[in-house]
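Asker: Prediction below, plus the sequence it came from.
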Protein chains: 4
Amino acid sequence: MGLQKPLLDPISDTKPGKNNLITDVPGVRVGQQTIITDRLKTGVTTILPTTENIFENKLAAAGLVINGFGKSTGLIQVEELGTLETPIVLTNTLSVGVAYNYLVKKALAENPQIGLETGTVNPLVMECNDGAVNNIRDLGVTEADIEAAFANCSEQFEEGCFGGGTGMCCYDLKGGIGSASRQIEIDGQTFTLGVLVMSNYGYVSDLNIYDQPIGQQISQLDEYHKRDEDGSIITIIATDIPFNSRQLKRIAKRSSVGITRTGSFIGNDSGEITLAFSTANQIKHEPKHQLMTHQAISDDQMDRYFRMTVSAVEEAIISSLVHATTTIDRKGQQRLSLTDALKKVANKDSAAAPQ
Amino acid sequence: MGLQKPLLDPISDTKPGKNNLITDVPGVRVGQQTIITDRLKTGVTTILPTTENIFENKLAAAGLVINGFGKSTGLIQVEELGTLETPIVLTNTLSVGVAYNYLVKKALAENPQIGLETGTVNPLVMECNDGAVNNIRDLGVTEADIEAAFANCSEQFEEGCFGGGTGMCCYDLKGGIGSASRQIEIDGQTFTLGVLVMSNYGYVSDLNIYDQPIGQQISQLDEYHKRDEDGSIITIIATDIPFNSRQLKRIAKRSSVGITRTGSFIGNDSGEITLAFSTANQIKHEPKHQLMTHQAISDDQMDRYFRMTVSAVEEAIISSLVHATTTIDRKGQQRLSLTDALKKVANKDSAAAPQ
Amino acid sequence: MGLQKPLLDPISDTKPGKNNLITDVPGVRVGQQTIITDRLKTGVTTILPTTENIFENKLAAAGLVINGFGKSTGLIQVEELGTLETPIVLTNTLSVGVAYNYLVKKALAENPQIGLETGTVNPLVMECNDGAVNNIRDLGVTEADIEAAFANCSEQFEEGCFGGGTGMCCYDLKGGIGSASRQIEIDGQTFTLGVLVMSNYGYVSDLNIYDQPIGQQISQLDEYHKRDEDGSIITIIATDIPFNSRQLKRIAKRSSVGITRTGSFIGNDSGEITLAFSTANQIKHEPKHQLMTHQAISDDQMDRYFRMTVSAVEEAIISSLVHATTTIDRKGQQRLSLTDALKKVANKDSAAAPQ
Amino acid sequence: MGLQKPLLDPISDTKPGKNNLITDVPGVRVGQQTIITDRLKTGVTTILPTTENIFENKLAAAGLVINGFGKSTGLIQVEELGTLETPIVLTNTLSVGVAYNYLVKKALAENPQIGLETGTVNPLVMECNDGAVNNIRDLGVTEADIEAAFANCSEQFEEGCFGGGTGMCCYDLKGGIGSASRQIEIDGQTFTLGVLVMSNYGYVSDLNIYDQPIGQQISQLDEYHKRDEDGSIITIIATDIPFNSRQLKRIAKRSSVGITRTGSFIGNDSGEITLAFSTANQIKHEPKHQLMTHQAISDDQMDRYFRMTVSAVEEAIISSLVHATTTIDRKGQQRLSLTDALKKVANKDSAAAPQ
């Protein structure tokens, strides 16, 4: 439900949608499957971008690679054609192949013409490495897990340690899934832009929340010492504003601002990849006419959309931290939640205070 | 074995290596698994770029997307880091997930530190759609097939309808795997550049072989009529010339010249993707020193390397056509080999000749 | 006037427009200033993309760098915003600054708000090195020359050794300005795509005209020996088909096919840069409404537009060669026209023929 | 002299070089010409990257376009060849042509073979729009000004309202030239990375200095109201660390983090462009040997270089604000310096304080 009280920053004065979630964008739904066993802490988060058959009714889309230490699939075709034609799966790095397989089977089931009367399909899978918490070498995600995540897609979903976010760590704290949304008026109509992140990047000492460098304090706790782990952050931006794919790439670029506002510097081994799509103009798989009209928007007013993007991405990341819960990692040590870390800082400070 | 008599074009006066195959580059080996059943005509071609552990000893590499209607994986990280860290698998589009899975398992088996002491791994899978010949919806490639292809990797391999090329069509003729190589002297040393293609693109009427527009003649045969199918071509370029990743991208770009010299125009739905790598400078996964020296080459003499690249890519494509054999497609019709098509043209001409 | 009899190639069955020139696209006009003195053989070619104020009514556009050994200006902003907001100047490499200056002054004169109520302007200047023929170090192009070129902009213009093409060489023959156009029906309306090239690239032995490797013969003439000069080709594509900037980039990419069909391989020091624009949807500098509608076209029928692009680019290059005339170069040697070179080949052959 | 006391942020614990300027990188020198008349407040800043002839001894380089609303020249060739072959000129947007001309003439004078025995040259000119302060339509920069800037190139230079920075505004305060440097040990040797910015971007309310959102306070002053002006920031990064061009692009990308840490969000009409070069490996214009060795560095330790880049870019921007002085703009209004704005805030607060 986003942050219950959105931490609005002066970067944008736009307000969240009903649930402060990506699903505030009409038609967008999210489902999750959380996998927790004695060895596994991993999962799957799935995003349905539209209530229609997306292969038949593609959506304008753009991918952006902020730092390319990542293994997402599908971005080559999105770059060439500017369209999204499958739902999106977020999971751990070594499960990308399983998710690709599932998306292929799902598309085959829904579109009997694929591979017969028409071509193939471009599955969109995005990932982070949850190996600090999860025994990622166990390859614990199955196609049934992905199916289960799709089965529970709805407008409501949990943030924090759920789905693909189950085993993720962010700023050396427990990370995971976070979401936020913003609404805006354009020529008298209300439009929504929503964000979902899977947060798994950053060093604790860099963490900064709305100008509070609280990572510096947390890094003084006994639990913390120099860490040097793989990171990544996947950002999904959905909107019903009629951006074309070039504009969506510009929007996606502003996700990097939201990310670095929380303190990080785009680390070497952080796969920071963003996918943005708009539900406004459907592109038919086999259009009846060659000439058509699309709703369009002017670039000269982009600043306000950029601001709301930065604001929503920043809040989505913070929301992932706020909703996450302390978790035992693969080595048996606690990965503190932000909340628990702040409590420990407070306790330490009060213990150190003169009596 | 390449073309037994290489069809050298004046674009470059360089000569082929020993076998006129990509495996003429020292250390490079190719394996294939061909899958033919009553419903399947598909398979896997695998490329081992080095005899060493490639995850520990990465190679300089670059990917190039000529036309992005394709689903290859791994290119994002190659672009960022300029390195290749797994072998390469070529297969059909819907089997990319299976190949990704296999490469993950292979890397885990060979590198017990992955996912524990170090990060994950970036699998390189490239694909074309063989759905015109193969029942691609059957998802007929298994991990065992990929394992079998790796198991028979060697310096010798078959061209034409083998491995990943089993079901591919090129210029509406039977396509598949083709290869060629070129050698050159640099400061007194002999270096090799080798190419392997999986050819699956083009319209018959466009086919041009060394300035002979023979596609025009073939397109007059009864077997041909307007076709409008998915295409693609995957090109792998291997060399021991010490190009860096920026230079390898420039080399990769010249593959587009080799491809279009055979008559095509880079079709809308052709996924034309090239990966180039150099075995000259190994990049250690965990280097002992931060400062090192690399062998390097000057850009100002690139023209001769560009020419040999164009020549080898063009010959590799023609070799894929020359080695392919007439095959019954998914709809029960013949996909003629180039050789059989030319015979039919000759027969038709002689039948039409005045007595 | 284009090739008087267009050399139509089977790559596309589309026919030229009225004049077989880029100016067949409604609103597009071309002007030239040819500078010939005892030391100078250079000039300027200018392209007016629209009859309206282009700063106020920007056009969808895309640039493509095929090989980046070039110094064109303005492409960064075209890439970001997808729009063209000045006319285009083609001249020699060292005169880019002069042309930039002129385009600034022209925009200031036509738009009094620039630098006061609104921002600046993005001049589009493209260039090739004519130093083989012209004393390029003399910096012989003045702002008055560019003004003169704009002053004579019309639907009619000369091809060959005129304007920016005056001193250019192509395939070691005399090159210069060439143009061609193609028309197509879309949903019952006629649309035009036009091309203008400034040709200055390639090695004589590679020249291939519609599958005739005539460069091989010409290279046997006494005039030819190994050359290794700077090259480049600038390609401008204009159309009234409503492509967006992403699609225009795809169209621009097919110019590389037209170029290499004439035999070249994208040389190391060839600056091969293409700019494509569409006059269909005007983008207002300060739109009154944020939401609007644009005419759009589907990617799934791009093949026929790609084919007509390849065909027009190829013919425009050949037209530049056919219209050029033999010219004395900077070193006092003849740069043969294609026509004269072919005559010499014919004379040599007849002299060698047995009596 | 940088900030006299560097405002070091925990993002990096590296220390500045001797002068805390880009010229701490051995061989790098900066010169400036400041132009102030009753109508003009503009100028030129020039950067000599090496004490040697840079055309003969090119340097590894990379450009990065963060937001492409900009008119810099030369980046196309830097992208293709990965080298820098002229000094760099920073000036106002409409003077790019003049600077291009000057760099051409300078290169011709120093390299008599250009345009005769060898090709042309790729001038590097970068710009921001100083039209809020300067009568930019007057085109006030001459080639003599640029010559003067080069003539006074040295290791010492002024920050703030000097050279190209004379008329620039940043966060609606007076901006201009800023610089900083950082040093680091690699395998026992000391290396330096230096930054110079020309700052001209951002909205006052967004300004954030090391986690102090002081722009919010300043925006309450009577002088401020909603503004919506063209912005831009040019960032030059110099280093003697042996990065290759791909790595320099990665370094350049981290400049975006330094920029946005000061509060901005990459505005629509901000031309944010970065050029990074390394003096470590010279690339000869005409190398004697084709095979050579280059010093190289491993990507796996990039984080510490990224951190020092972020830190130096952030400080260079703040330094541009700290050194700038209140200036009367084109409309006769004060553009406050950061120092004066903070004084006004303090005065206002004390006036408002209860007696």
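Answerer: Received, thanks.

Asker: so A:Q77, which of the three states?
Answerer: Three-state assignment for A:Q77 (DSSP: H, G, I helix; E, B strand; the rest coil): helix.

Asker: thought it was touching B:T73?
Answerer: No - using Cβ atoms under 8 Å, A:Q77 makes no contact with B:T73, being 11.9 Å away. C-beta coordinates here come from the backbone N, C-alpha and C atoms, glycine included.

Asker: so what's in contact with the two at the same time?
Answerer: Common neighbours of A:Q77 and B:T73 are not found (criterion: Cβ atoms under 8 Å, 6 or more residues apart in numbering or on different chains).

Asker: Could you see whether chain C lies near the longest helix seen in chain A?
Answerer: Among all segments of chain A classified by DSSP state H, the helix with the greatest residue count is helix A:302-323. No - Helix A:302-323 lies out of reach of chain C by Cβ under 8 Å from any Cβ of the partner chain, never closer than 9.7 Å.

Asker: can you count the residues close to the nearest residue to A:E155 once chain neighbours are set aside?
Answerer: Distance criterion Cβ to Cβ, 6 or more residues apart in numbering or on different chains; nearest residue to A:E155, sequence neighbours excluded, is A:T23 at 4.2 Å. Other residues lying near A:T23 total 26 when counted by other Cβ atoms under 10 Å in any protein chain shown.

Asker: Mind listing what's buried along the helix or strand hosting A:L196?
Answerer: Using DSSP states H and E, the element containing A:L196 is strand A:189-199. Buried residues in strand A:189-199, defined by neighbour count with 16 or more other Cβ atoms under 10 Å in any protein chain shown: A:191-199.

Asker: same thing with stretch A:321-331?
Answerer: For stretch A:321-331, using 16+ other Cβ under 10 Å, the buried residues are A:321-324, A:327, A:329-330.

Asker: Over to stretch A:136-155?
Answerer: A:136-137, A:139-141, A:143, A:145-150, A:153, A:155.

Asker: Near chain D, which residues of chain A are found?
Answerer: So far as Cβ under 8 Å from any Cβ goes, chain A lies against chain D at A:10-11, A:66-67, A:205-206, A:208, A:211-213, A:216, A:228, A:250, A:253-254, A:256-257, A:260-261, A:265-269, A:299-303, A:306-307, A:310.

Asker: With pLDDT and secondary structure as extra columns, can I get the buried residues of stretch A:136-155 in JSON lines?
Answerer: Shown next, in JSON lines, are the buried residues of stretch A:136-155 (pLDDT from 0 to 100; DSSP: H, G, I helix; E, B strand; the rest coil):
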{"residue": "A:I136", "pLDDT": "98", "secondary structure": "helix"}
{"residue": "A:R137", "pLDDT": "98", "secondary structure": "helix"}
{"residue": "A:L139", "pLDDT": "98", "secondary structure": "coil"}
{"residue": "A:G140", "pLDDT": "97", "secondary structure": "coil"}
{"residue": "A:V141", "pLDDT": "98", "secondary structure": "coil"}
{"residue": "A:E143", "pLDDT": "98", "secondary structure": "helix"}
{"residue": "A:D145", "pLDDT": "98", "secondary structure": "helix"}
{"residue": "A:I146", "pLDDT": "98", "secondary structure": "helix"}
{"residue": "A:E147", "pLDDT": "98", "secondary structure": "helix"}
{"residue": "A:A148", "pLDDT": "98", "secondary structure": "helix"}
{"residue": "A:A149", "pLDDT": "98", "secondary structure": "helix"}
{"residue": "A:F150", "pLDDT": "98", "secondary structure": "helix"}
{"residue": "A:C153", "pLDDT": "98", "secondary structure": "coil"}
{"residue": "A:E155", "pLDDT": "98", "secondary structure": "coil"}
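
Asker: Those residues: which two are farthest apart?
Answerer: A:R137 and A:E155 (35.4 Å; Cβ to Cβ).

Asker: Pretty sure A:V96 sits in a helix.
Answerer: Yes - assessed with three-state DSSP, A:V96 lies in a helix.

Asker: ok, and what's touching the helix or strand A:Q216 falls within?
Answerer: A:Q216 belongs to helix A:214-218 when elements are defined using DSSP H and E. With contact meaning Cβ under 8 Å, 6+ apart, helix A:214-218 is reached by A:171, A:173, A:203-208, A:224, A:263, A:336, A:341-342, A:344-345, D:10.

Asker: Identify the residues contacting the closest residue to chain D within the stretch 101-250 of chain A.
Answerer: Closest contact between the stretch 101-250 of chain A and chain D, by Cβ to the nearest Cβ, is at A:D211 (4.6 Å). Neighbouring residues of A:D211 by Cβ under 8 Å, 6+ apart: D:208, D:211-213.

Asker: Show me which of the residues you listed is closest to A:I283.
Answerer: The closest of the contacts of A:D211, once distances to A:I283 are taken by Cβ to Cβ, is D:N208, at 40.2 Å.

Asker: For burial, what's the neighbour tally of the closest residue to that closest one other than its chain neighbours?
Answerer: Once flanking residues are discounted, D:N208 sits nearest to D:G263: 3.6 Å by Cβ to Cβ, 6+ apart. Using other Cβ under 10 Å, D:G263 is surrounded by 25 other residues.
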